[in-house]
Structure formats: C-alpha cells, structure tokens
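*Asks:* How does the following fold in three dimensions:
(chains A and B)
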Amino acid sequence: MDEGLRSELSKQGVFTTTLEDLYNWGRKNSVWPLGFGLACCAIEMIAASMARWDLARFGAEVFRPSPRQADLMIVAGTVTKKMAPQVVRLYNQMPEPKYVIAMGACAISGGPFKQGYNVLKGIDRYLPVDVHIPGCPPRPEALLHAFMTLQRKIDEQALTGAQRPRHLVAEAPSEFPVPEFGAHDLVPPANPEIWQPPEVVRGE
Amino acid sequence: METLDQIKARVEAAFPGASVEIVPNAGVGGQRSLLVDHAHALDVARFLREDPALRLDYASNVTGVDWLDAVIKEKRKVKQVIAGVEREIEETTERRRPGYLEVVYHLYSMELKHGPLVLRLRTANRADNARVPSLTPVWRAAEFQEREAYDLYGIIFDGHPDLRRILMWDEFRDFPMRKDYVEPDDYEYEPTPHDDVLAKAKRHYQP
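*Replies:* Reported below is the predicted structural model:
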C-alpha cells in the first residue's frame, strides 16, 4: 500500500494495515518463554523477568511451566551431555511457531567447559537457534536486547513466499531428532542437517 | 588431635595384623596421611570413628587419584673409596612403580572439633583389580562421593550399597578423570588453539 495514501487515511481516522503486520504484531508482543534454567544464566533470566528489568514490558512475562504452552525456549546455562536429550525433547513438545534463544557462553559454544568431556559444545548442534547471546553470564540487559532482536525477527517474517517461517512450511520439521546416550559420547554428536563444523577461510 | 604417629601406633596396637603406613607429603603444607590395607580398612575406619580421643564422625570429602605407571628416580649419597680417597658421591637408583588408583578420605570430628585426618586406600592396579572396600557402612556421607569416584575413575567399592554412575549416563563406558582417557573427537575451530588443542587443530584443519 502506498505510504502517502496510508498517512492521508490515518489523518482522516482510518487505520489501515496488512494481515501480515497484524499477525506478526500480535505474535511478537506475546512470546511466552518456557520456564526452565540450567545454570547461573537462569538467575540472570529470573532477574530480567522481575521488577527491576521487567520483561513484562515486552509481553514475555508469562513463564510457562509446560512446553505445550510456550513459544520460546531460553537455553539459559550449561547444557551437559546428560541433559541435552531432555532439552531437545522439551523443544519437540513445544507447539509451532517456536523460537530458541541460546543464552550465555555455555549454551552457544560450551563456554569455559568447551574442552571438557561432559558439556555439549553449543545447543545449536541439536536445535535451530534464533538468537545467540554471548556473556558469562549475560546481564539482563543483554537478554532484553536478545528479546528485542527476536521481536524484530518475528516482525520481519513474511507469511507467504519462499522466506516464510518454518511453521508455515508443511514439510519443514517441527521436531528434531533426540540424541541418544552412547558408550563414549552422544549419538549422533550433532544434527548434521542444522549444524556443520565451521570452516576456516584464511585471507591472503 | 594426637599426631599421626601416635594414631598409627594405637591403630597397630588395636589391630595386630593391620598394615598401616604413613604417606609422606613433600608439598608446602606437608600434610601426611594414613594408608591402610584392604583387609583392615573397615576396622580401622570404625576405630577412627568410635575412639573417644578421635571421634572422627564426619567424612567431609572423598577423592580419587590416578597414578600411572612411573619410573621413580631416587638420589642417595654413598661413601665410596676412589683411588685410595674416601669420597661422597651421589648414586641414582631407578625403580619402576606400577600404576594404581587411590581413594582419599578427609575425616573431621564434629564432636571434638578437630581434623582433618587423611585416610588413603589403594587399589592393586589400574585395570582388572581396581577394587577397594567401601567405607559407606562407616560414614554414610561417603555414599555419593564413592559413586562419583566409581563414575569418574572406575574404582569399584566392595560393599557399597548402590554403586551406580552418578554424573555420567549409565550407558557411558569410559572413566573420564583417568589420565589415559581419550575424549571423543568433536573438535571445532578455535581462534587461539594451544597445547593439546593446537595438535587437534592441526589434525582437523590442514593449512
């Protein structure tokens, strides 16, 4: 719709919008996170939801205790290899559309425990992460920034066409394979469909 | 609390067949410890807990230690007659020490407010006979920590009521705190690799 016409109409008291904008506006302002924490980042997440930082300003104060009522998984803390299958299973139980924020150094890469035998080197090996937050732990402001980034991402999603979000593509996966406990490591060690080891490109 | 030598003498008097050894400590703290044989470990542990002068009723900490096979060099000063003159020379002897696993208990007394007394048990070897008697029947607090030592070092505690893995999953087969543990090769790029990580980086990313 022409911007000039829209502005002219709004002066006359006629509000125009598109279905896409209305739909995304509703979605982005009521993202319900799943109430679970894995380590010290969870303390910052709790602080962000309380009075001082007040996540309610972004419509995300309703931390759901059940994955079936949540849209957003905040992976707040160290994902141990023993915990990883449960995290993936929780994600699988969430209804679409659903998003993942990997909060803190551990959740995005294994962090200080990266060379350890018992910590997953980033939840993005098994889940499609939308926003990564660095920090150890990130301050609540960083989580708010990630929230706003996610809201912008939801707002920009087109509902039709090739760029439409995963939940509107019938053949796109809504569940991801749950890794199994193997004799030496998780099997498989990563989901090759969503994660590949980074390639090093050396400049001249 | 009495000195370790006094405690050792009293334990030996109470259990005539027991082999009790004082393990020296060359570190700065110099904290010595008691090494007890398997057959008398439970008796000695009960003695340490029940004795009215010791009353070590609190097992604060249980740790595992992995000692690999090692060659130990010892230097001694020997007097020798060389060309008719007596001189003091240093002689180096080498001794092969087979590897073993060790469990270390730190004991305190809540009642008498003293401690710690460090108690050690050693396994016969690191492979097929990595067994020690469990002290959980004496100190209930040792139960989870002995499970942890079993989980991470593979030390089998005879007489433990519930010896399962506690941190790693049940299907896991390795013992990750052993020095010869080989971790799964799930390396990915790091900006500043060093030492072992550098060797891995060279294997994965050929320049």
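*Asks:* For residue A:135, list the residues it contacts.
*Replies:* A:104, A:105, A:142 (C-beta atoms under 8 Å, 6 or more residues apart in numbering or on different chains). (Each C-beta comes from the backbone N, C-alpha and C, glycine too.)
*Asks:* Pull up the gap between it and residue A:113, please.
*Replies:* 15 Å (C-beta to C-beta, to the nearest Å).
*Asks:* Was I right to think residue B:133 contacts residue B:155?
*Replies:* No: shown here, residue B:133 and residue B:155 do not form a contact pair, counting by C-beta atoms under 8 Å, at 11.0 Å.
*Asks:* mind listing the strands for chain B?
*Replies:* B:20-23, B:33-36, B:58-67, B:70-82, B:85-97, B:100-109, B:114-122, B:131-133, B:156-158 (DSSP state E).
*Asks:* how about low-confidence regions in the chain?
*Replies:* Because you didn't say which chain, this covers chain A. Within chain A, the stretches with pLDDT under 70 are A:204.
*Asks:* if you could check chain B rather than the one you did, that'd help
*Replies:* In chain B, residues with pLDDT under 70: B:206-207.
*Asks:* got the residues of it near chain A?
*Replies:* B:167-174, B:176, B:181, B:183-184, B:186-190, B:197, B:204-205, B:207 (C-beta under 8 Å from any C-beta of the partner chain).
*Asks:* and these, which of them are in helices?
*Replies:* Among those, the ones falling in helices (DSSP state H) are B:197, B:204.
*Asks:* what ranges do the helices span in chain A?
*Replies:* Going by DSSP H, chain A shows helices at A:3-11, A:19-28, A:41-49, A:84-93, A:104-109, A:140-155.
*Asks:* circling back: residue B:133 and residue B:155: who's more crowded?
*Replies:* residue B:155 (25 against 20; other C-beta atoms under 10 Å in any protein chain shown).
*Asks:* My guess is the more buried one contacts residue B:132. True?
*Replies:* Yes: counting by C-beta under 8 Å, residue B:155 does reach residue B:132; the two are 6.2 Å apart.
*Asks:* which residues are in contact with both of these two?
*Replies:* With C-beta under 8 Å, 6+ apart, residue B:155 and residue B:132 have common neighbours B:103, B:123.
*Asks:* hang on, the earlier thing: how about the strands of chain B, which one is nearest residue A:43?
*Replies:* strand B:58-67 (26.8 Å; C-beta to C-beta).
*Asks:* residue contacts, residue 107?
*Replies:* Here I'm looking at chain A. So residue A:107 contacts A:38, A:41, A:75, A:76, A:77, A:78, A:79, A:122, A:123 (C-beta under 8 Å, 6+ apart).
*Asks:* nope, chain B
*Replies:* B:48, B:56, B:58, B:59, B:60, B:115, B:116, B:117, B:118, B:119, B:139.
*Asks:* All good on my end, thank you.
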